[in-house]
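> Got a predicted structure plus its sequence, pasted below:
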Amino acid sequence: MESHMAGILTSERFVGRYGERLRGALAEAGLEAEVITVPPDPDARLSDEQCERIDLAYYSSDLIAGPLARSFFSALHRAPRLSWLHTRNAGVDHPIFGRMLARGVTLSTAAGATAEPIAQSAIAGLLALSRGFPAYADAQQRHAWEPAEDRGRPDLLDQTLVVFGLGAIGSAIARIARAIGMHVVGVRRSPAREGDPVDELHHPDALPSLLPRAEWLALACPLTAETRGLFDAAAFAAMPRGAHLLNVARGPVVDEPALIEALRSGQLGGAYLDVFEEEPLPGDSPLWDLPRVIVTPHNSGASAGNDPRAAGIFFDNLVRWARGEPLRNVVSEAGE
């Protein structure tokens, strides 16, 4: 790294909330830095002179969810020294991130910060579907006492869950599923590592041979050219009749009309869906009203601990960046 004072771009809110931790990370790294914040007025812009001093940036949660994202990226486009962008997002399928990579900017993410809450939501959906909670909720609305027969509730013990995408989220889903006695099959490109929380690990090329065993299929993969529309009518037809789908990945990895048809026909016995082809999910989508379908509004990761965890990943990477060490969660290729 050059000897000049490092310029860090982020938000006033982030500095207000995490300023002490930021100063601690800078002290640990032995790094002198100027913190530059996005103007609180969405119509205001940083000066060209300020942008020329930016070396790195943190795209914090308030920027993502608020009106200042345009000002933030406008500054980055005018920052010739920018070498590293760390984003609070785990996914990087917005085109802006691809443009940053094309410039040669190192891109890293907060992947893993929301893994546990998302995995817990996926498992909650799995348990609710397994135990018939959608039917009970419907009966409750009708004030109807409708107990289920034993044979209508297969044990989860030893059922097979295929987890497609074994990153932080998929690994957390796999770990919890094994703890409740399921047989877990993981799917990812990288080879096996010690401590993988699965009973089997396969390359994505093996998916066609795994689907006939997938009584449950959890999707936790990124959206890429390879995964877009991967789970289509043929994939659902290959699964055991009455199998279940859990999607906490991205909506477009699933062919939504094919999913709706598979649910209507009973080929799929139910689904927990947190992501959709179009968001917000249109009010006329059949998914709202299909029985044995649980819909959440792309919110499975909502948890009070997410932001502090994400900030911690950034601070760890800040120390690594200052020391010239490899960063965590570096993205080599943006998704779609």
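Yep, that arrived.

> which stretches of this structure form strands?
Assigned by DSSP state E, the chain shows strands spanning 6-10, 33-37, 56-59, 84-87, 106-109, 160-164, 183-187, 200-202, 216-219, 243-247, 268-273, 293-295, 330-331.

> Name the stretch among those that sits most buried.
strand 216-219 (a mean of 28; mean count of other CB atoms under 10 Å). C-betas here are computed from N, CA, C, even on glycine.

> Could you export the strands of the chain as TSV, including distance to D48?
Listed next are the strands of the chain as TSV, based on distance: least, CB to CB, whole Å:
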stretch	distance to D48
strand 6-10	13
strand 33-37	13
strand 56-59	16
strand 84-87	19
strand 106-109	23
strand 160-164	46
strand 183-187	48
strand 200-202	51
strand 216-219	44
strand 243-247	44
strand 268-273	46
strand 293-295	46
strand 330-331	28
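
> Quick one: closest of the ones you listed to L22.
L22 sits nearest to strand 33-37 of all the strands of the chain, at 7.2 Å, using CB to CB.

> hmm, who's touching the closest one?
Applying CB atoms under 8 Å, 6 or more residues apart in numbering, the contact partners of strand 33-37 are 5-12, 15, 22, 26, 46, 50, 53-54, 75.

> hmm, back to that, in CSV: the strands of the chain, plus mean pLDDT.
CSV is the format used below for the strands of the chain (pLDDT from 0 to 100):
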stretch, mean pLDDT
strand 6-10, 99
strand 33-37, 98
strand 56-59, 99
strand 84-87, 98
strand 106-109, 98
strand 160-164, 99
strand 183-187, 99
strand 200-202, 98
strand 216-219, 99
strand 243-247, 99
strand 268-273, 99
strand 293-295, 99
strand 330-331, 96
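
> Go through those strands and name the closest to R228.
Nearest of the strands of the chain (CB to CB): strand 216-219, 12.3 Å.

> Which parts of this structure belong to which domain?
6-113+305-331, 115-295 (automatic domain parsing).

> gap between the shortest one and the chain center?
Just to be clear, that refers to domain 6-113+305-331. Distance of domain 6-113+305-331 from the chain centroid (CA atoms, centre = their mean, to the nearest Å) equals 19 Å.

> What are the boundaries of the helices in this structure?
Using DSSP state H, the helices found in the chain span residues 12-29, 48-51, 61-65, 69-77, 95-102, 115-130, 133-141, 168-179, 207-210, 233-238, 256-265, 306-323.

> Quick one: closest of the ones you listed to R153.
With distances scored as CB to CB, the stretch of the helices of the chain nearest to R153 is helix 115-130 (7.5 Å).

> Now do the buried residues in the closest one.
Neighbour counts over helix 115-130 (16 or more other CB atoms under 10 Å) mark 115-126, 128-130 as buried.

> What is that helix packed up against?
Using 3 or more CB pairs under 8 Å, 6 or more residues apart in numbering; DSSP states H and E, the elements in contact with helix 115-130 are helix 168-179, strand 216-219, strand 243-247, strand 268-273, strand 293-295.

> at 7 Å instead, please
When contacts are defined as 3 or more CB pairs under 7 Å, 6 or more residues apart in numbering; DSSP states H and E, helix 115-130 sits against helix 168-179, strand 243-247, strand 268-273, strand 293-295.

> Could you dump the ones you listed into JSON lines and include distance to G324?
Listed next are those as JSON lines, based on distance: least, CB to CB, whole Å:
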{"stretch": "helix 168-179", "distance to G324": "25"}
{"stretch": "strand 243-247", "distance to G324": "40"}
{"stretch": "strand 268-273", "distance to G324": "43"}
{"stretch": "strand 293-295", "distance to G324": "46"}
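
> Much appreciated, bye for now.
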